[in-house]
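> Provided below are the primary sequence and the corresponding predicted coordinates.
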Protein chains: 2
Amino acid sequence: MVKDTSTEQRIIEAARRVFMQKGMAGARMQEIADEAGINKALLHYYFRSKEKLFEHIFGEVIARISMGLKSIFEKEMGVLERLTSIVDIYVDTLMENRYLPLFVLNEMNQNPERFSSLLQENIIEHMKKLFIEIRQEAESGQIRETNPAHLLLNILGLIIFPFATYPVMQKVAPEEFRPFFNNFLEERKHEVKQFIINALTP
Amino acid sequence: MVKDTSTEQRIIEAARRVFMQKGMAGARMQEIADEAGINKALLHYYFRSKEKLFEHIFGEVIARISMGLKSIFEKEMGVLERLTSIVDIYVDTLMENRYLPLFVLNEMNQNPERFSSLLQENIIEHMKKLFIEIRQEAESGQIRETNPAHLLLNILGLIIFPFATYPVMQKVAPEEFRPFFNNFLEERKHEVKQFIINALTP
DNA sequence: GTCTATAAGTAGATAGAC
DNA sequence: GTCTATCTACTTATAGAC
């Protein structure tokens, strides 16, 4: 609870923390108010309802994810470079916010229509193009023959899964593993990129 | 709502479905009662409280996971075989229950003490032994040099992540992808095992 | 064991003073 | 804008009849 930012900003940050950790169903307006150092009435004054406040937070998160994807897809580059830059961008994002993967997966699961916001920004089109690029480079022998869907899910799984489990791991890991954890997630970058290279180098 | 099983059994099955999809916080006793074809009062008659009912369901799930791990770790076998049998066991389990990964990750996240039940059955000991086995086989040149922690997380991510995203994917995938999905998860078995082999064959 | 009715507690939302 | 007090609705849990 820092007092030198605007109330609205403090509410948003508090809401982000609480929603991310507890999810929409588990979050309590009272807890968000406490986190922000105000009372419940003010939450409603600024955001009218819990639902509206949640949509604001979720929207922000989705926007951030889309932005990352967009920046990757807009540039001209080869498949290998494109895929490895996904790793760089998302590992960095996730290191700053380790609750993000589970939060997003959950809330989309509870309410699949929310997924559509991600599918805006013609992500689907980008994906189709990526798949085509993969097949083309495979034909021309620049990369190895691969099922693009599996490849993409592999990469996403390798990036995201450790972060999805991290909050649990970190809390329950025996004391002697703690120091090891600090570098572990950072190492993932190299680890996953190596996977991509191994998978695609002919 | 099938009437030819015992009430307790119907409650358990209904609770499993609802808790798995909505989580502890999002589940409603009323919905569980409806699913089971009874009323709320009976839920309390059989399980006293929502918390108790939840613990029953969660306990079952953890027991199932532990059993799988146990069966893998108890047999004598080489590292490669041990790791690939993890794939076989868990892909099959997850195909039957696609909500399981997110459910378990979430509930552990909400309440990390729940993780301890998994750590019983000396899973930790088994892990340590596995790590030692990996290092030994690497030294003797049977498998390639690898960081065991990364390897294990890689495997788990490759197995689990697609299932964690599946409920969402399946709901939002454009119509033309649907038929493709049916075999997709089954194909993961081969896909992930190939990854392990590539990663470990010298 | 199973139901209906209801109590008790909790959480989101609003009214109104300052 | 911010607060306290309160309302309303929902959810878990129990009482008590059958």
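Yep, it's here.
> Quick one: list the elements packing against the helix or strand bottoming out on mean pLDDT in chain A.
Comparing helices and strands within chain A by mean pLDDT, DSSP states H and E singles out helix A:113-119 as the least confident, with a mean of 77. Counting contacts by 3 or more CB pairs under 8 Å, 6 or more residues apart in numbering or on different chains; DSSP states H and E, helix A:113-119 packs against helix A:50-74, helix A:100-110, helix B:148-172. No exception for glycine: its C-beta is placed from N, CA and C like everyone else's.
> Give the buried residues for that helix.
Neighbour counts using 16 or more other CB atoms under 10 Å in any protein chain shown place A:Arg114, A:Phe115, A:Ser117, A:Leu118 of helix A:113-119 among the buried residues.
> residues touching the first one, list them.
Neighbouring residues of A:Arg114 by CB atoms under 8 Å, 6 or more residues apart in numbering or on different chains: A:Phe58, A:Ile62, A:Glu107, A:Met108.
> quick revisit: so how far is the least confident helix or strand of chain A from its chain's centroid?
The chain centroid and the centroid of helix A:113-119 are separated by 14 Å, computed with CA atoms, centre = their mean, to the nearest Å.
> Need the outlier residue of chain A, farthest from its centre.
Note on chain A: the largest C-alpha distance from the chain mean falls to A:Ser140, namely 33.1 Å (CA atoms, centre = their mean).
> DNA strand C versus A:Thr165, what's the distance?
Using CB to the nearest atom of the strand, to the nearest Å, one gets 27 Å for the distance from A:Thr165 to DNA strand C.
> er, A:Phe73 I mean
From A:Phe73 across to DNA strand C, the span is 37 Å (CB to the nearest atom of the strand).
> Equivalent analysis for A:Pro162, please.
For A:Pro162, the distance to DNA strand C equals 31 Å [CB to the nearest atom of the strand].
> Count the neighbours of that residue for me.
A:Pro162 sits with 26 neighbouring residues when counted by other CB atoms under 10 Å in any protein chain shown.
> Now it. Nearest residue, chain neighbours left out?
Of all residues beyond its chain neighbours, the one nearest A:Pro162 is B:Leu153 (5.1 Å), with distances taken as CB to CB, 6 or more residues apart in numbering or on different chains.
> Compute the number of surrounding residues for the one you found.
Close neighbours of B:Leu153, defined as other CB under 10 Å, add up to 20.
> I figured it hits A:Phe161, correct?
Yes. Using CB atoms under 8 Å, B:Leu153 makes contact with A:Phe161 at a distance of 6.8 Å.
> Buried residues, stretch A:81-91. List them.
A:Arg82, A:Leu83, A:Thr84, A:Ser85, A:Ile86, A:Val87, A:Ile89, A:Tyr90, A:Val91.
> Can you pull out the low-pLDDT segments for chain A?
Scanning chain A with the threshold set as pLDDT under 70 gives A:1-4, A:121, A:171-179, A:182.
> Get me the contact residues on it for DNA strand D.
Within chain A, the positions near DNA strand D by CB under 7 Å from any atom of the strand are A:Thr7, A:Glu8, A:Ile38, A:Asn39, A:Lys40, A:Ala41, A:Leu42, A:Tyr45.
> Buried ones only from these, please, as a ChimeraX command.
In ChimeraX, a selection of the buried entries from the residues of chain A next to DNA strand D looks like this (16+ other CB under 10 Å):
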select /A:38,42
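> Mark which of the residues of chain A next to DNA strand D are part of helices, please.
Applying DSSP state H to the residues of chain A next to DNA strand D, the entries found in helices are A:Thr7, A:Glu8, A:Lys40, A:Ala41, A:Leu42, A:Tyr45.
> Quick check: the farthest pair among those residues?
Between any two of those, the greatest separation by CB to CB is 15.4 Å, found for A:Glu8 and A:Lys40.
> now for the buried residues of stretch A:81-91, which pair is the farthest apart?
The largest separation in the buried residues of stretch A:81-91, counting by CB to CB, is between A:Arg82 and A:Val91 at 15.5 Å.
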